[in-house]
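Colleague: Below are the sequence and a predicted model for it; my questions follow.
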Amino acid sequence: MRTHGLKARFAAGGAAIGVIAPNRDAILAETLGLLGFDFYMIDGEHGALSASDAEQLVRACESVGVPPLARIRSLDPKLILQFLDAGVMGVMMPGLSRRDEVEAFVHAMKYPPVGQRGLGPVRAANYMLGGVVQADYVQHANAHTLVLPQIEDIAAVDAVQSLVTVPGVDGFIIGPRDLAMSMGFIDGPKHREVDAAIARVVTAVRNAGLVVGTVAGTGAQARALIAEGYQIVLTSAANLLSNASSLFLSDARTITAEPRP
């Protein structure tokens, strides 16, 4: 039965740094896993990815021992089921701002008696082959599947005290750009009002004993966030490529003029 170790890490107070990417390329997922990231987030919201694409990306992640997670584009139980059945071990769900939406998310993620996830002979369950007892698999899957709603608008911030008490949720991921735009700041999240809203979320989530996460543009930002108590930090594959390319080209094109004798 598949496991990932992230929950144990969080419970011990540790943090995980991962990459989110909208790409179909399994080699990219495999490569980033080999480079040492703690998880790979398949972006099925901003990426034109199907559950079939996700299955190949999951296989690539499994081949290098990196936990495969996914952001799924909508709160559709059947779509969530397909991603989970492909072997995704946790889901980050965007756009949730009401308690009933978070409850529906949990129900879609968990098998009975916790939720309403359907059970079938699929790869997540090893096709019901290999001698695994069904009850053991169901309990194991329920215990290890990460449920991570996103906080992306001010309505979710206002409701956060209720959201953090929904049973079955492991943590919340803050999306600062969309949050800022929902507050009227179309230029980005660098405003005191947005900082205050984020602080409200962080306090509520941590007081509830849950994991809080967000995004970082640089390694230094990620380190600072972890020092502040964030346990999940995401960066994008495009951001990594941009930063590495800029550094490489800057070094390659720097000409040091040496004095002639």
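Modeller: That came in fine, so what should we check first?

Colleague: Count the neighbours of residue 74 for me.
Modeller: Residue 74 has 11 neighbours, counted by other C-beta atoms under 10 Å. For every residue, glycine as well, the C-beta is placed using N, CA and C.

Colleague: Can you classify it by secondary structure?
Modeller: Assigned with DSSP: H, G, I helix; E, B strand; the rest coil, residue 74 falls in the coil class.

Colleague: Can you report phi and psi for it?
Modeller: phi -150, psi 160 (degrees, to the nearest 10).

Colleague: Need the pLDDT of it.
Modeller: Note on residue 74: pLDDT of 95.

Colleague: One more: residue 201?
Modeller: pLDDT, residue 201: 98.

Colleague: Which elements pack onto the one helix or strand it maps to?
Modeller: Under the criterion of DSSP states H and E, residue 201 resides in helix 192-207. With contacts taken as 3 or more C-beta pairs under 8 Å, 6 or more residues apart in numbering; DSSP states H and E, helix 192-207 sits against helix 154-158, helix 160-163, strand 171-174, helix 176-182, strand 211-215.

Colleague: Tell me which of those is the most buried.
Modeller: Ranked by mean neighbour count, those are led by strand 171-174 with a mean of 25 (mean count of other C-beta atoms under 10 Å).

Colleague: so how far is it from its chain's centroid?
Modeller: Distance of strand 171-174 from its chain centroid, counting by C-alpha atoms, centre = their mean, to the nearest Å, is 9 Å.

Colleague: That strand - contacts with which helices or strands?
Modeller: strand 146-151, helix 192-207, strand 211-215, strand 232-236.

Colleague: how does it look with 6 Å?
Modeller: strand 146-151, helix 192-207, strand 211-215 (3 or more C-beta pairs under 6 Å, 6 or more residues apart in numbering; DSSP states H and E).

Colleague: quick one: strands adjacent to the first one?
Modeller: I take that to be strand 146-151. strand 90-93 (parallel), strand 171-174 (parallel) (DSSP bridges).

Colleague: could I get those as a markdown table with mean pLDDT?
Modeller: Listed next are the strands paired with strand 146-151 as a markdown table, based on pLDDT from 0 to 100:
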| stretch | mean pLDDT |
| --- | --- |
| strand 90-93 | 98 |
| strand 171-174 | 98 |
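
Colleague: Switch the ones you listed over to CSV; also include distance to residue 113.
Modeller: Listed next are these as CSV, based on distance: least, C-beta to C-beta, whole Å:
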stretch, distance to residue 113
strand 90-93, 20
strand 171-174, 22
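
Colleague: closest to residue 71 out of these?
Modeller: strand 90-93 (4.5 Å; C-beta to C-beta).

Colleague: hmm, who's touching the closest one?
Modeller: Residues from elsewhere that reach strand 90-93 (C-beta atoms under 6 Å, 6 or more residues apart in numbering): 69-72, 105, 146, 148-150, 173.

Colleague: and what of stretch 206-213?
Modeller: 10, 164, 170-171, 173, 202, 205, 230-232.

Colleague: how distant is it from the center of its chain?
Modeller: Distance of stretch 206-213 from the chain centroid (C-alpha atoms, centre = their mean) equals 15 Å.

Colleague: Report the separation between the two terminal residues of it.
Modeller: 11 Å (C-alpha to C-alpha, to the nearest Å).

Colleague: re the thing from before, hmm, which of the contacts of stretch 206-213 are the buried ones?
Modeller: Listed as buried from the contacts of stretch 206-213 are 10, 164, 170-171, 173, 202, 205, 230-232; burial here means 16 or more other C-beta atoms under 10 Å.
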